[in-house]
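Trainee: what follows is a protein structure lacking sequence information:
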């Protein structure tokens, strides 16, 4: 991913660059390199705005939410980013991103003790995953709903 980023800069290709940077940020987040993930996500955020790539911007907002949630801070920054990603993905009719954002915000609410809002978002995500026939993710939401039921 670093090589792709470097080569994109060398050839001056702008289209889709913000999304490639966001993927690079996501990979860093998965690897536990949160500071690097955040730097890349902020860069992708700026590029997606500058290039007017709303869909890529929506994915970047979701990534920023994931990063904020991973920090487990007391502020509501993750909720704000997820809400923005959800709103933009609805506007653009990006159903998979709507589902992923609802899942993420549902998990955020669950981990912050808001079972009612968690259930609502997880149920919304489940419906979207079913509609999209995204069975892998559907199974994950069903498991999260099961875990939520056991804690009540």
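Mentor: Cool, got the structure. Keep in mind that what you see is a predicted model, and the values were worked out from it rather than measured.

Trainee: secondary structure element holding the residue nearest the centre of the chain?
Mentor: Geometric centre of the chain, nearest residue: residue 62, 2.7 Å, by C-alpha atoms, centre = their mean. When secondary structure is defined using DSSP states H and E, the element that contains residue 62 is helix 54-71.

Trainee: how about that helix: buried residues?
Mentor: Of the residues in helix 54-71, those scored as buried under the neighbour-count criterion (16 or more other C-beta atoms under 10 Å) are 55-69. For every residue, glycine as well, the C-beta is placed using N, CA and C.

Trainee: return the member of the residues you listed nearest to residue 90.
Mentor: When those are compared for distance to residue 90 (C-beta to C-beta), residue 58 comes out closest, at 9.4 Å.

Trainee: can you tell me the closest non-neighbouring residue to the closest one?
Mentor: What sits nearest to residue 58 in space, not counting adjacent residues and going by C-beta to C-beta, 6 or more residues apart in numbering, is residue 88, at 4.1 Å.

Trainee: could you list the low-pLDDT ranges of this structure?
Mentor: Filtered on pLDDT under 70, the chain yields the residue ranges 1-16.

Trainee: which residues touch the residue lying closest to the residue nearest to the centre of the chain once chain neighbours are set aside?
Mentor: Nearest non-adjacent residue to residue 62, counting by C-beta to C-beta, 6+ apart: residue 85, 4.1 Å away. Contacts of residue 85 were listed using C-beta atoms under 8 Å, 6 or more residues apart in numbering, and they are 58-59, 61-62, 65, 97, 101.
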